[in-house]
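In: sequence-free structure coming up:
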């Protein structure tokens, strides 16, 4: 029953805080119908109720001025979100309309640094970090798209320190991959005279006294209620580290949780070196988190004409970005090293490629087909049944002859007795040569059984190994062993597990990719584990990408080049495009979009050369 003194219009969030709900007082059906037509087209749920997504609502919020009654009640958190978006919108529009938008915020002068960051700050900051801090502080919310390895964690903590000094926020919530915990803890200790109290949210518990709370993306959806309560108790800065993890926006589990929590924070900031790893749609969803109602619209307008150079200039005032060139790192040129499949390997790959189930066209079948072919390009025997699916392959040296009576199924199991995988052979050669020269090597492979096999093949070099199931203490022990033990000359991992948040450039300058998938962002992130800020001058970084000739590896190489070119064009960073044009060298969850699928289908229907 509606009270006589109830407001004419009540505007609130829905339970997910990703949609706005409008409810009118009985008797105002006519006025509400006209308003709903303009503000929530297609979203009217009844004569007095309607709803719409936040992007749509905020983009037409001016239409509320046409409501003929003055007694409107807003949910406080929604009112705060709207006020912040409108305030930021003025600044954003000013920047977009100014020909000198890129230089709106001058770098902070060193004499201003102490006052701005407070007496508790003690870490050094580079000139580009000072510039980025100034730009981020000039906006209510922001985005830092600096390349991996540019020190975005330290820059963010400096912004937090300045906001805390102003009294605008009291604590910091960071959503990040587990691999990034180490960096946030380390920087929280070294940047402040009194180290930040940093807590990892585990099993739903939160340290009420923590300055910084870390939560990984996988745990986020089950923690929304607890984090909502935590954000309401004190003004907080909310950071999405490696924000491309929520690129699906409200359509994804991570994105919907982030969008739900965003309105509760005083400040929102996203960090990623790969904001649009596949397309502009990824960038739309990220900026929708930062500026609901405006971020998506700005990207659509900028990219609509298809001129990526124009889009880069148009969007540049919306984010801060340090490029590879600005880091002053010694340049490096990754090389693609092609290997030829030996006869049995080629025959088995061709048989696996010809599986008719792979050409059914449904995404599940195509995803499985791509996974099988990526493994088969390494060694078809990775697909052979075994008591333990992660048992390493037992290669026999010297190889034995192949009986004429063996079937393809038998050969699939026994291939390691007859042929050594050319990718493994090349990896062993590279690691051995590097070890002889005193250089440690980071070896990437996307499959656990492949990783276990490499552990056996590289045993003389005391390999460290980290994969998804490696627990926290074991993970830290393996990283420490690789960094500190002179006998440990190789670390084996996969980009999904170790591609983000870890710095290895102090001890390792060589990397080998046994295989890659279609995820351009993940590839870029993994490259920067050994090529990042702090690399000693004159350091030679060497990256080798192994590809089996005539296999899916060639499809992946072409598709990654196109994605990296797109990313570099949108961000106006030629260094990114350079990574997509790898130099070819002759030798002695896969991230597939629609174009990837078309390329894969063409490969499945082609004859193996």
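Out: Done, it's in. What you see is a predicted model, and the numbers here were worked out from it, not measured in a lab.
In: what's the pLDDT at the spatially most central residue of the chain?
Out: Geometric centre of the chain, nearest residue: residue 244, 3.8 Å, by Cα atoms, centre = their mean. We note a pLDDT of 85 for residue 244 in this prediction.
In: That one contacts residue 271, correct?
Out: No: the pair residue 244 / residue 271 is not scored as a contact, 9.7 Å apart, by Cβ atoms under 8 Å. C-beta here means a position set from N, CA and C on the backbone, and glycine is covered the same way.
In: thinking again about what came up before, where does the residue nearest to the centre of the chain land in three-state SS?
Out: State at residue 244, reduced to three classes by DSSP: H, G, I helix; E, B strand; the rest coil: helix.
In: And it, how far from residue 30?
Out: Distance of residue 244 to residue 30, computed by Cβ to Cβ, to the nearest Å: 46 Å.
In: Can you give me the pLDDT of the closest residue to residue 157 other than its chain neighbours?
Out: Spatial nearest neighbour of residue 157, excluding adjacent residues (Cβ to Cβ, 6 or more residues apart in numbering): residue 191 at 5.2 Å. Per-residue pLDDT puts residue 191 at 96.
In: Please apply the same query to residue 256.
Out: With respect to pLDDT, residue 256 scores 88.
In: I'd like to know how many residues surround it.
Out: Using other Cβ atoms under 10 Å, residue 256 has 20 other residues around it.
In: Test my guess that it contacts residue 250.
Out: Yes: between residue 256 and residue 250 there is a contact under Cβ under 8 Å: 5.2 Å.
In: where do the contact lists of those two overlap?
Out: residue 18 (Cβ atoms under 8 Å, 6 or more residues apart in numbering).
In: List the contacts of the residue nearest to residue 198 when sequence neighbours are not counted.
Out: The shortest distance from residue 198 to any residue other than its chain neighbours is 4.4 Å, reached at residue 212 (Cβ to Cβ, 6+ apart). By Cβ under 8 Å, 6+ apart, residue 212 lies in contact with 171, 172, 173, 174, 184, 188, 196, 197, 198, 199.
In: Where strands are concerned, which of the residues you listed count?
Out: 171, 172, 173, 174, 198, 199 (DSSP state E).
In: so where do the helices sit in the stretch 401-550 of the chain?
Out: Assigned by DSSP state H, counting those that start in this stretch, the stretch 401-550 of the chain shows helices spanning 408-418, 422-436, 448-457, 472-484, 495-498, 520-527.
In: hang on, the earlier thing: pick the one among the contacts of residue 212 closest to residue 528.
Out: residue 184 (16.9 Å; Cβ to Cβ).
In: Check the gap between that closest one and residue 214 for me.
Out: Taking Cβ to Cβ, one finds residue 184 at 6 Å from residue 214.
In: which residues do those two both contact?
Out: With Cβ under 8 Å, 6+ apart as the test, residue 184 and residue 214 both reach 174, 176, 198.
In: Is it correct that residue 298 is in contact with residue 288?
Out: No: between residue 298 and residue 288 there is no contact under Cβ under 8 Å: 9.9 Å.
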